[in-house]
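Chemist: Dropping the sequence and predicted coords here.
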Amino acid sequence: MSAESRTTTVGSTPTATVEGATVRYRTVTALDGVHAEFHPGTTALLGPNGAGKTTLLSLLSTARRPDQGAVSLLGAPVRGRAEVRRVRERIGVLPQSFGYYPRYTVREFVEYAAWLRRVPSAERSERVREALSLVEMERYADRRMGALSGGMLRRAGIAQAVVSRPALVLLDEPTVGLDPAQRIGFRTLIRALGERSAVVMSTHLAEDVAQVCDRIHVLLESRLRFTGTSAELCAQAAGNRGEPLDGSAVEAGYLAVVERNGASV
Ligand SMILES: Nc1ncnc2c1ncn2[C@@H]1O[C@H](COP(=O)(O)OP(=O)(O)OP(=O)(O)O)[C@@H](O)[C@H]1O
């Protein structure tokens, strides 16, 4: 295994670990022997379309199990149904697109998520209030889901993901489709989430990575090809020392990793 295909330990206990994970969909190998650790704070999964980001998130959410390799979540290996049940309530997921009843209000939508994740009924309304406050949607609590804008829908999606106070929050391309002002608001929100949980977000947007993420995993053609901080990714580009640490520096570092691995974007 090359040094680049294995993550470095960064001091804290990982919230999630993927060891040598391979996932196949019939003839397609979506992940190929991936080793990765996910720590408290915010980690980006960066990579082109089809690199395997959503598949890696599906291992972390317990929606899939690897065909080979192992996954540990919240401190213990996840092998069978009992372990899946134990951890699932402590994992919050915002998929790329999610279903909802358009006639539900935002509050009902988040309450339903709290019920599904077995938040005790005595605590439910307080937790719903807390989740809506985190995403600054208290004043839209009685609005119907079917009447929300794209940005509000994403916020409601995050509220349902965090209502059980999860230790691990998985966000699949959370800022896609948002306007620039909404994106800035979202980055603040995601940073705040990273202060209380391990947040893993897949993205194509270098500026999101520069502004939000503590660590970055670059996936290329089903393999993990880089793990490090934003500054370390920036430093992958010749002559780039990571200052200023902005979207273009992250993009240059990312493209250097792509080029070195002979991948296409
Ligand atoms: N249900 C499925 N059946 C067959 N192939 C699949 C399935 N889901 C994903 N794949 C394939 O697995 C590979 C990885 O897909 P995945 O969705 O994990 O990539 P991604 O990095 O999230 O892509 P994107 O950025 O486009 O969302 C791709 O080649 C994809 O076509």
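Modeler: Alright, I've got the coordinates.

Chemist: Quick one: name the residues of the stretch 51-200 of the chain near the ligand.
Modeler: 51-55 (C-beta under 6 Å from any ligand atom). In short, each C-beta sits where N, CA and C put it, glycine included.

Chemist: would you list these in TSV and tack on secondary structure and distance to Leu245?
Modeler: What follows is these, written out as TSV (DSSP: H, G, I helix; E, B strand; the rest coil; distance: C-beta to C-beta, whole Å):
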residue	secondary structure	distance to Leu245
Ala51	coil	23
Gly52	coil	26
Lys53	helix	22
Thr54	helix	27
Thr55	helix	29
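
Chemist: Of those residues, just say which sits nearest to Ala210.
Modeler: Closest approach between those and Ala210, by C-beta to C-beta: Lys53, at 17.9 Å.

Chemist: Helix, strand, or coil at the residue nearest to the closest one when sequence neighbours are not counted?
Modeler: Excluding the flanking residues, the one nearest Lys53 by C-beta to C-beta, 6 or more residues apart in numbering is Ser202, at 3.9 Å. Following DSSP: H, G, I helix; E, B strand; the rest coil, we place Ser202 in the strand state.

Chemist: how close does Ser202 get to Leu193?
Modeler: 15 Å (C-beta to C-beta, to the nearest Å).

Chemist: repeat for Tyr254
Modeler: 23 Å.

Chemist: For Val128, which residues are in contact?
Modeler: Counting by C-beta atoms under 8 Å, 6 or more residues apart in numbering, Val128 touches 107, 110-111, 114, 159, 163.

Chemist: in what helix or strand does it lie?
Modeler: helix 121-134 (DSSP states H and E).

Chemist: CA atoms of that helix as PDB?
Modeler: Extracted C-alpha coordinates of helix 121-134, given in PDB (Å, rounded to 0.1, in the frame of the first residue of the first chain):
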ATOM      1  CA  SER A 121     -40.900  11.300  23.400                       C
ATOM      2  CA  ALA A 122     -40.400  13.500  26.500                       C
ATOM      3  CA  GLU A 123     -37.300  15.100  24.900                       C
ATOM      4  CA  ARG A 124     -38.600  15.300  21.300                       C
ATOM      5  CA  SER A 125     -40.100  18.800  21.200                       C
ATOM      6  CA  GLU A 126     -37.000  20.300  22.800                       C
ATOM      7  CA  ARG A 127     -34.700  18.500  20.400                       C
ATOM      8  CA  VAL A 128     -36.800  19.600  17.400                       C
ATOM      9  CA  ARG A 129     -36.600  23.200  18.700                       C
ATOM     10  CA  GLU A 130     -32.800  22.900  19.100                       C
ATOM     11  CA  ALA A 131     -32.400  21.400  15.600                       C
ATOM     12  CA  LEU A 132     -34.500  24.200  14.000                       C
ATOM     13  CA  SER A 133     -32.700  26.800  15.900                       C
ATOM     14  CA  LEU A 134     -29.300  25.400  14.700                       C
END
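
Chemist: buried stuff in that helix?
Modeler: Neighbour-count burial for helix 121-134, counted by 16 or more other C-beta atoms under 10 Å, picks out 124, 127-128, 131-132, 134.

Chemist: what mean pLDDT does it have?
Modeler: Mean pLDDT, helix 121-134: 94.

Chemist: chain center to the helix or strand where Val34 lies: distance?
Modeler: Secondary structure from DSSP H and E places Val34 in strand 28-38. Distance, stretch centre to chain centre, for strand 28-38: 15 Å (C-alpha atoms, centre = their mean, to the nearest Å).
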